[in-house]
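> got a predicted structure here, sequence first:
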Amino acid sequence: MAYLPPHKRHPSSSDSAPTPNPRSLSLSSPRGRERGAGGRHPRPSNKIIHAAGCISRWSPLPPFSPGPEDGYGDGEEPTLRLEPFPCDHIERKTGAKPLALVASSPGEGSSGSTAAAVTAIAERFLPDLLAAAERAKAGYVSKEEEFVKLSLVAKVGKVLFESQPGGSPVSLETLRQAAKAGENGSRSQLRKSFYTNVPNECLEDMEQSVMKRMGLEFDSSKEHYHVKVFDMHQSDSTMSCKCTVEEDGSLAIHKVEWNQVRHLVEDISCLFKDLDLRLMLFTKRILKTLDSEVENALKSFVSSAVIDPDVKGGLRWPLGKESIGERFSIVGVWHSNYKSFRNESLRLKLRHADRFDHRSSTGEVSNEVTFKLVSMSRRLEDADPVETSLKEMLESAVQMVWDNALNYKILP
């Protein structure tokens, strides 16, 4: 029988995809090699890296009212509920739907103005943004082979909650405590994620009408393949080769990056909007030069990749070509198509991404809306950014997103 890579063995419908079994991974996968070698080799790191001192927190808007323990009655619980949210990617991993916090009936403050919401978000986020930017710049290590820059983005999606393994079920009270805990909320028994997939109709509406209301102009349309490579000599990071398709159908490396490093993540459940908001500051680490062994390995992976629209991630490799010796191995692949629109202060990116993780043999297809706050990112790089100017820029950006990008219902 001809060899089929693990990601081509899955049914085409994600609804009927079985829960992946880590023990059935191909021997060419990093985890498989680790098991076969008696655990001598490090496991590839998670693709999300948080810097030391990173703040990651969640809050609802409008905020919870004081609860009974504060002597103010029953709070807002009668107007809020936790609702199962359809998310195949999480359901395949956990066997259960995650939960979203929604308003079951209009409550006090539900008709609050955009100005009030924007002010509340900016006042909470800006002080930590300035502090996080300073920590990030202080932590820069000057290396000739790397180019590092700060990036501030706003994403739209849905904040989802799950219980930690062995923890108590998610309830309104656990959410109240998580909101109180702020940046210490990660120590609770609550697992939070931000689901960025939106319906095709949402992307189409953003492209056809919303971007015009926001005063944005078309910038570019691009297709990329991202080949994720694990280097055992750099076990705390993963390299991502961003590749373009040449006229002859082959792939060419356009850029090589390390994992992004997050410095500040603010997730906001916008209770009287259809979608929620994430504000995030991170550093991008672009490799300018590579040593010969790394460069040859990346070129080998890219040149041996086969473009195949029938497999998850869009790329497959011939048998034996997913790893090079004991040092390098493919751990994931993305195929992305995006259109970008911009004005002088921000860039809107509408992306369709097909991702496959070779470590877990799971894939995900998503439509994503991201606002890159380019003017603020540049200003944060300054030695002494002016707080007043940044506050005005932040309020302007949040107001634009609040008014134009959060009113679209995600349906099952």
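Right, received. Where do you want to start? Keep in mind it's a predicted model, so treat the numbers as computed, not measured.
> next helix or strand past the helix or strand of the chain with the lowest mean pLDDT?
Confidence across the helices and strands of the chain bottoms out at helix 30-36, with a mean of 32, counting by mean pLDDT, DSSP states H and E. Downstream of helix 30-36, the first helix or strand assigned by DSSP states H and E is strand 49-61.
> name the residues that touch that following strand?
Applying Cβ atoms under 8 Å, 6 or more residues apart in numbering, the external contacts of strand 49-61 come out as 80, 101, 117, 120-121, 124, 128, 132, 135-136, 139, 159, 175, 178-179, 181-183, 185-186, 192, 236-237, 259-271, 283. Glycine gets a C-beta too; all of them are placed from N, C-alpha and C.
> for this protein, give me the ranges with low pLDDT.
Low-confidence segments of the chain (pLDDT under 70): 1-47, 66-78, 105-112, 142, 166-167, 182-189, 409-412.
> kindly recompute the last result at 50.
1-42, 44-45, 68-78, 107-111, 185-186, 411-412 (pLDDT under 50).
> tell me which residues in the top helix by length along it are buried?
Identified as the longest helix of the chain according to DSSP state H is helix 114-138. For helix 114-138, burial by neighbour count (16 or more other Cβ atoms under 10 Å) applies to 117-118, 120-122, 124-126, 128-130, 132-133, 135-137.
> who are the packing partners of it?
strand 49-61, strand 146-163, strand 261-270, strand 276-287, helix 374-380, helix 387-404 (3 or more Cβ pairs under 8 Å, 6 or more residues apart in numbering; DSSP states H and E).
> show me what counts as buried in the shortest one.
Applying a neighbour-count criterion of 16+ other Cβ under 10 Å, the buried positions in helix 374-380 are 374, 375, 376, 377, 379, 380.
> identify the farthest-apart pair in the buried residues of helix 114-138.
Spatially, the most separated pair among these is 117 and 137, at 29.8 Å (Cβ to Cβ).
> still on that earlier bit, just the buried ones among the contacts of strand 49-61, please.
Buried members of the contacts of strand 49-61, scored by 16+ other Cβ under 10 Å, are 80, 101, 117, 120-121, 124, 128, 132, 135-136, 159, 175, 178-179, 183, 185-186, 192, 237, 259-271, 283.
> circling back: and which of the buried residues of helix 374-380 is nearest residue 288?
Ranked by distance to residue 288 (Cβ to Cβ), the buried residues of helix 374-380 are led by residue 377 at 19.4 Å.
> thought that closest one was touching residue 154?
No: in this structure, residue 377 is not within contact of residue 154 by Cβ atoms under 8 Å, at 11.6 Å.
> residue 353 in helix, strand or coil?
Here residue 353 is recorded as strand under DSSP: H, G, I helix; E, B strand; the rest coil.
> ok, it to residue 220 distance?
17 Å (Cβ to Cβ, to the nearest Å).
> how close does residue 177 get to residue 62?
Distance, residue 177 to residue 62, using Cβ to Cβ: 18 Å.
> so for these two, which sits in the more crowded spot?
Between residue 177 and residue 62, residue 62 has the larger neighbour count (other Cβ atoms under 10 Å), namely 21 against 16.
> I'd say that one and residue 271 touch.
Yes: between residue 62 and residue 271 there is a contact under Cβ under 8 Å: 6.4 Å.
> more neighbours: residue 353 and residue 220, which one.
Neighbour totals were compared for residue 353 and residue 220, and residue 353 leads with 19 against 11 (other Cβ under 10 Å).
> show me what residue 49 bridges to in the sheet.
Beta-bridge pairing for residue 49 (DSSP bridges): residue 261.
> secondary structure element for the residue nearest to residue 348 when sequence neighbours are not counted?
Nearest residue to residue 348 in three dimensions, chain neighbours excluded: residue 341, at 4.5 Å (Cβ to Cβ, 6 or more residues apart in numbering). Here residue 341 sits within strand 328-342, counting by DSSP H and E.
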